[in-house]
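**Q** with the input below, show me the fold.
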Amino acid sequence: MSRVRLALKQAPTLRVDLRGVTPAALAGLTPAQIERLTLTHGMQTLPLAEFFTVACDDAPDAGGELMFEGDLSRFDRIGWQLAGGRIVVAGPAGDYVGACMSAGDVQVQGHAGVLAACEMAGGTLTVDGDVGDHAASSLPGSMDGMRGGTLIVRGRAGDRFADRMRRGSALVFGDVGDFLASRLVAGTIAIGGQAGAHVGYGMRRGSVVFAGGGPRVGPTFVPALADAAVAWQLLARDLARHGGPFAGLPARRFMRHLGDLSVDGRGELILAA
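**A** Residues are numbered from 1 along each chain as shown. The predicted model follows:
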């Protein structure tokens with residue numbers, strides 16, 4: 001398989017849907033065949049060549065990689081339902097990046113829009129900048145959020161981060177907005193900065209680790225009395241391998257709060273001192 005490079009010619013007037021443009025879908029196609037693939041631009045269907053110049057690298061070590069170059073903030077669903085391979089966005093990305101992916105690797109070297117990693121089931125999505133609202137959450141109208149895999153945000157995240165999340169790991173190196181981990185079903189979340197209001201609203205299970213200072217804990221959470229030092233060391237060492245604000249977690253003290261007692265009460269907020 002070859003490395004495919006798609007370089008943006010100019011910013012589109014309307015939003016463009018990039019679902020289906022994956023390393024597996026482009027494997028074995030010539031540049032001319034790739035240029036004839038169709039994309040949805042608003043209400044229009046246009047060839048890919050209207051937006052990108054195409055180049056293929058047939059080097060032996062270039063297998064399974066798709067690279068986008070340019071400002072793709074108006075291009076949505078990059079890596080939609082990705083099942084393998086690697087996608088690199090050398091710049092910002094639009095909405096739904098990494099949504100519903102089950103395997104593979106997506107790296108965004110900039111900011112990403114709303115609903116990043118929503119209903120993600122596997123693989124790794126790394127965003128070097130910020131993400132918008134509802135990252136690692138559910139698609140509109142759905143009951144299940146992120147279901148597996150790893151989301152790493154090296155900047156900040158918006159509101160409703162990990163809403164209805166069921167499984168997997170989601171890390172934010174910076175601050176997050178309101179309603180962090182709202183209605184959380186399970187999974188691990190780690191925050192390196194500050195969190196907004198209503199942390200863990202309606203969460204049932206799961207763990208939320210705060211490495212950058214504790215949030216305001218709501219009245220439906222209570223301090224934990226049972227010792228969890230061994231479990232903390234296992235969790236802290238796993239998070240520490242990501243570096244940044246999580247690097248020193250194993251050596252830090254911690255305090256747990258259990259809740260949300262208004263729904264189930266088996267979730268935990270872990271504040272690292």
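**Q** determine the longest helix present in this protein.
**A** For the chain, the longest helix by residue count, based on DSSP state H, is helix 229-240.
**Q** what are the contacting residues of that one?
**A** Helix 229-240 is contacted by residues 171, 188, 190, 207, 209, 211, 246-250, 252, 254, 270, 272 when judged by C-beta atoms under 8 Å, 6 or more residues apart in numbering. For the C-beta atoms, the positions are set from N, CA and C on the backbone; glycine is no exception.
**Q** out of the residues you listed, which sit inside strands?
**A** Taking DSSP state E, the ones among the contacts of helix 229-240 that sit in strands are 171, 188, 190, 207, 209, 254, 270, 272.
**Q** those: which two are farthest apart?
**A** Pairwise distances among these were taken by C-beta to C-beta; the largest, 16.7 Å, belongs to 171 and 254.
**Q** and these two? which has more neighbours close in?
**A** More neighbours surround residue 171 than the other of residue 171 and residue 254, with 23 against 18 (other C-beta atoms under 10 Å).
**Q** state the distance from the more buried one to residue 151.
**A** 7 Å (C-beta to C-beta, to the nearest Å).
**Q** buried set for the longest helix of the chain?
**A** 232, 235-236, 239-240 (16 or more other C-beta atoms under 10 Å).
**Q** residues near residue 259, how many?
**A** Around residue 259 there are 25 residues (other C-beta under 10 Å).
**Q** for the residue nearest to it when sequence neighbours are not counted, give me its contacts.
**A** The shortest distance from residue 259 to any residue other than its chain neighbours is 3.4 Å, reached at residue 221 (C-beta to C-beta, 6 or more residues apart in numbering). By C-beta under 8 Å, 6+ apart, the contact list for residue 221 reads 200, 257-261, 269.
**Q** got those residues as JSON lines, with secondary structure columns?
**A** As requested, these are arranged in JSON lines below (DSSP: H, G, I helix; E, B strand; the rest coil):
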{"residue": "200", "secondary structure": "coil"}
{"residue": "257", "secondary structure": "strand"}
{"residue": "258", "secondary structure": "strand"}
{"residue": "259", "secondary structure": "strand"}
{"residue": "260", "secondary structure": "coil"}
{"residue": "261", "secondary structure": "coil"}
{"residue": "269", "secondary structure": "strand"}
